[in-house]
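Q: coordinates only, sequence not included:
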């Protein structure tokens, strides 16, 4: 994509935007993300130790300024990345996001005035095929750097931003083409983190979906027909089935982690553990006595 021509109406804001991307083994995705950012004078990439060819791909893009940082949490990676941004605005993207052409044109014509940030909606894609619906929520992707910060929340991170947030008309495509085995491994880790967050939070502070997940049983039952029927993914063939099953697996993993933690915390489990500890101590004492007698 060629750089958009400068004009009094377009050049000022788009030149004040720095894209920020967090990467870890994103070779199947990162080129599609960067191909839509050729208008940017500088792109900040925070890499967490990629070994799959991601670094080689990043080197093909002269605007990329790569920083290597060991991953500790999403919030800390993003906050580190924000500290490297030198412009007034940042465009925060995951490595499997692809800006639509409409959104690129919108950025070139955007007049933020007093807005602190802008929220984008997503079109979910499976292997390049756009789905009719998704439960992936809109998120703030473009915002002023000053005063912005991230905090960890469950398996993800949340942006703290003061001021008015507006909606963008253009969409972002979410299209993660990493292998299924990689997806399953990451979901297992994320589900445990999400379960910990849900159980630690006050029920009144959670959204409706959070409260349903905390109960463990409703979310897995509801999500599959909701995505397949209500979101019309059944009309997308095997791609829609694939996405619906992914959402089902995700909710099942969260439910299993919540139930597992509740079982471990139950009085019965404590009694069983205590009896086991006493039995182990008794066995150890008997072995000591036997050795002494011998």
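A: Received, thanks. Since the structure is predicted, the reported quantities are computational estimates derived from the model, not experimental observations.
Q: helix or strand right after the strand or helix carrying residue 152?
A: Here residue 152, judged by DSSP states H and E, is contained in strand 149-153. Next helix or strand after strand 149-153 toward the C-terminus (DSSP H and E): strand 156-160.
Q: quick one: strands adjacent to that following strand?
A: strand 149-153 (antiparallel) (DSSP bridges).
Q: re the thing from before, so how far is the strand holding residue 152 from its chain's centroid?
A: Taking CA atoms, centre = their mean, to the nearest Å, one finds strand 149-153 lying 12 Å from the centre of the chain it belongs to.
Q: Show the contacting residues for the residue nearest to residue 209 when sequence neighbours are not counted.
A: Of all residues not flanking residue 209 in the chain, residue 219 sits nearest, at 7.3 Å (CB to CB, 6 or more residues apart in numbering). Using the backbone N, CA and C atoms, a C-beta is placed for each residue, glycine as well. Contacts were defined as CB atoms under 8 Å, 6 or more residues apart in numbering; by that measure residue 219 touches 209, 212, 213, 251, 254, 255.
Q: at 10 Å what do you get?
A: 209-213, 226, 247-248, 250-252, 254-255, 258 (CB atoms under 10 Å, 6 or more residues apart in numbering).
Q: Buried ones among these?
A: 210-213, 226, 247-248, 250-252, 254-255, 258 (16 or more other CB atoms under 10 Å).
Q: export those residues to a markdown table and tack on distance to residue 136 and secondary structure?
A: Formatted as a markdown table, the buried ones among the contacts of residue 219 follow (distance: CB to CB, whole Å; DSSP: H, G, I helix; E, B strand; the rest coil):
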| residue | distance to residue 136 | secondary structure |
| --- | --- | --- |
| 210 | 16 | helix |
| 211 | 20 | helix |
| 212 | 17 | helix |
| 213 | 16 | helix |
| 226 | 13 | helix |
| 247 | 10 | helix |
| 248 | 15 | helix |
| 250 | 12 | helix |
| 251 | 14 | helix |
| 252 | 18 | helix |
| 254 | 16 | helix |
| 255 | 20 | helix |
| 258 | 22 | helix |
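Q: and residue 234, how many residues sit next to it?
A: Neighbour count of residue 234, defined by other CB atoms under 10 Å: 16.
Q: so it makes contact with residue 241?
A: Yes: with contact defined as CB atoms under 10 Å, residue 234 counts as touching residue 241 (7.7 Å).
Q: who touches both of these two?
A: Joint contacts of residue 234 and residue 241 (CB under 10 Å, 6+ apart) are 227, 228.
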